[in-house]
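**Q** quick one, fold the following:
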Amino acid sequence: MAFVAVEHPDAAAGRAARKRIPLAQHGEWHPASDRPDPVTFFEEQARTRLPQLVPVRHGRMMASPFAYFRGAALPMAADLAPTPTTGFAVQLAGDAHISNFGLFASPERDLLFDLTDFDETLRGPWEWDLKRLVASVAVAGRDRGFGGHQIGRAVAATARSYATRMAAYGQLSALEVYYAHVDSAAVMAFVDRRARPYLQSTVKSAAHHDALHELPKLTEVKDGVRRIIDRPPIIFHPDWGYPELPQTALSSYRLTVQEDRRDLLDRFELVDAAMKVVGVGSVGLGSVAALLLEKGTGNPLFLQVKEAEASVLERFLAASPFEQHGERVVAGQRRLQAASDVFLGWTIGPLGHHIYVRQLQDEKGSAVVEAMTHDDLSAWGELCGWTLARGHARSGYPAAITAYLGSPEDPALAKAFEAFASAYADQNERDFQAFLAAIKTGRLAAQPGV
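**A** Numbers count the residues shown, from 1 in each chain. Predicted coordinates:
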């Protein structure tokens, strides 16, 4: 009896969506006549952040158009809200720029390439993540001084990678998609030889970013007691006294960790905690580095206790089903990542803040855009597109998205996303200049160089 291939029922919906919304529409970007001043978004966000750290955030963003882009997830969400979408919802990363992908160690101690930031995660249109990703490639390429053709090639490679991998995942069962991952061996086998040295250095760097290697950098021993070193305003001990406040948060967080991992966590005791500023977009939200030492051996474990607010996407999409935004972040991370941190959990802090907890250092390697060649940028973009497709396929409709996108080699696909990325990079540059002007006039406070 001959085997007859059966088309996935979602494919018809994808083809119908393409007739309704041709690919070319995604390439069109024009700011609305009533587009809000982007500076107002930063003023609004500053009201819920630690006042002493808001200038640090703005100072980091003023370093370059790409640094600004990293912190401008809210203005871009507002810009994406009126753009056309197919209606195929996925779990969005919410801030899928190229610096929010990287390497980290799985519980089995394999190095995986995946998304690494989930503060803005929410269910929504797959197009929003892909558009933020390709725009970040274009903005980063301009920061590096690459030519228009080189940037266009990197953007097209990113979009085609997303479409290619989505098509592959559309042919797999739900279990096969769930178990799929991108490990360091697959990364090295995938990349072109010209980009291989950059990826090799990233893999090597990730292998040295663990708690034991970070211990002498972040801590010192005084009077026989190990403590986190103050380096204000980036690392400092607030006036909460010896760590009763983080201890309270960690005790309630423990109940959200899987039961077998609670036993592992109980082998450590909290010895110190300090505020530690990380990233760009999240600067100003509470972020605590907690030092725990294994009882009896003194082996270290660093946890990051981080405040979570409502996703910037929530004002444009349906509200999160989770009342606690730390739980929203954790749930989104588990849906999108191939393997998540064994200590991932959430709780309500003593002051009522929503927080989530994860390891601070666990063999992590991130994009160093300043060191990328145009070949490196293309390769990194392709890896990001691959990983984003896997995350979306786990939580969405890969057959429908594949039918909508059509062949990855279709020139219409590359043309549409190249056009969007270029137009939005232009908009980002205009917004960056407006941001700098607001700092110059004193409308926004900034502390550069931190």
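**Q** where does Ala425 land in three-state SS?
**A** Secondary structure assignment for Ala425 (DSSP: H, G, I helix; E, B strand; the rest coil): helix.
**Q** which residue packs closest to it, ignoring adjacent ones?
**A** With sequence-adjacent residues excluded and distances taken as C-beta to C-beta, 6 or more residues apart in numbering, Ala425 is closest to Ala138, at 4.1 Å. (Glycine included, C-beta is placed from N, CA and C.)
**Q** mean confidence (pLDDT) on the host helix or strand of that neighbour, please.
**A** Assigned by DSSP states H and E, Ala138 belongs to helix 126-143. Average pLDDT, helix 126-143: 98.
**Q** how does the chain divide into domains?
**A** Following automatic domain parsing, one finds the domains of the chain at 9-206+374-440, 211-359.
**Q** least confident of these, on average?
**A** domain 211-359 has the lowest average pLDDT among the domains of the chain, namely a mean of 88.
**Q** surely Glu220 forms part of a strand?
**A** Yes - applying three-state DSSP, one finds Glu220 inside a strand.
**Q** is it in contact with Arg226, as I believe?
**A** Yes - between Glu220 and Arg226 there is a contact under C-beta atoms under 8 Å: 7.3 Å.
**Q** of these two, who's got more company?
**A** Arg226 (16 against 13; other C-beta atoms under 10 Å).
**Q** hang on, that one packs against Glu269?
**A** No - between Arg226 and Glu269 there is no contact, the gap being 11.7 Å when judged by C-beta under 8 Å.
**Q** who touches both of those two?
**A** Listed as contacting both Arg226 and Glu269 by C-beta atoms under 8 Å, 6 or more residues apart in numbering are Leu293.
**Q** tell me which of the domains of the chain sits most buried.
**A** domain 9-206+374-440 (a mean of 20; mean count of other C-beta atoms under 10 Å).
**Q** so how far is it from its chain's centroid?
**A** 9 Å (C-alpha atoms, centre = their mean, to the nearest Å).
**Q** do the same with stretch 281-292
**A** Using C-alpha atoms, centre = their mean, the offset of stretch 281-292 from its chain centre is 16 Å.
**Q** with adjacent residues omitted, what lies nearest to Phe146?
**A** Phe146 sits nearest to His374 (C-beta to C-beta, 6+ apart), 4.8 Å away.
**Q** the one you found touches Gly145, doesn't it?
**A** No - under the criterion of C-beta under 8 Å, His374 makes no contact with Gly145, lying 9.7 Å away.
**Q** can you pull out the strands in this protein?
**A** 89-92, 101-105, 111-115, 122-125, 219-222, 225-228, 235-236, 268-276, 287-294, 300-307, 345-348, 354-359, 365-366 (DSSP state E).
**Q** tilt between the third one and strand 101-105?
**A** Spelled out, it's strand 111-115. Relative orientation of strand 111-115 versus strand 101-105 (axes from the mean of the first three to the mean of the last three C-alpha atoms, to 10 degrees): 140 degrees.
**Q** tell me what strand 111-115 is packed against?
**A** strand 101-105, helix 184-190, helix 196-207, helix 325-336, helix 374-395 (3 or more C-beta pairs under 8 Å, 6 or more residues apart in numbering; DSSP states H and E).
**Q** turn the ones you listed into a markdown table, columns for distance to Gln150.
**A** Formatted as a markdown table, those follow (distance: least, C-beta to C-beta, whole Å):
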| stretch | distance to Gln150 |
| --- | --- |
| strand 101-105 | 20 |
| helix 184-190 | 20 |
| helix 196-207 | 15 |
| helix 325-336 | 30 |
| helix 374-395 | 4 |
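**Q** looking at those, which is nearest to Pro65?
**A** helix 374-395 (15.0 Å; C-beta to C-beta).
**Q** would you mind getting the angle between the closest one and strand 101-105?
**A** Using the same axes, to 10 degrees, helix 374-395 lies at 70 degrees relative to strand 101-105.
**Q** may I have helix 374-395 as CSV, with CA atoms only?
**A** Below are the C-alpha coordinates for helix 374-395, written out as CSV (Å, rounded to 0.1, in the frame of the first residue of the first chain):
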residue,chain,number,x,y,z
HIS,A,374,30.0,41.1,8.9
ASP,A,375,30.4,37.3,8.5
ASP,A,376,30.1,36.9,12.2
LEU,A,377,26.9,39.1,12.2
SER,A,378,25.3,36.9,9.5
ALA,A,379,26.2,33.7,11.3
TRP,A,380,24.9,35.0,14.7
GLY,A,381,21.7,36.2,13.0
GLU,A,382,21.2,32.8,11.5
LEU,A,383,21.6,31.1,14.8
CYS,A,384,19.2,33.5,16.4
GLY,A,385,16.7,32.9,13.6
TRP,A,386,17.1,29.2,14.1
THR,A,387,16.6,29.4,17.9
LEU,A,388,13.6,31.8,17.6
ALA,A,389,11.9,29.5,15.2
ARG,A,390,12.4,26.6,17.6
GLY,A,391,10.9,28.5,20.5
HIS,A,392,7.9,29.7,18.4
ALA,A,393,7.4,26.2,17.0
ARG,A,394,7.1,24.8,20.6
SER,A,395,4.4,27.2,21.5
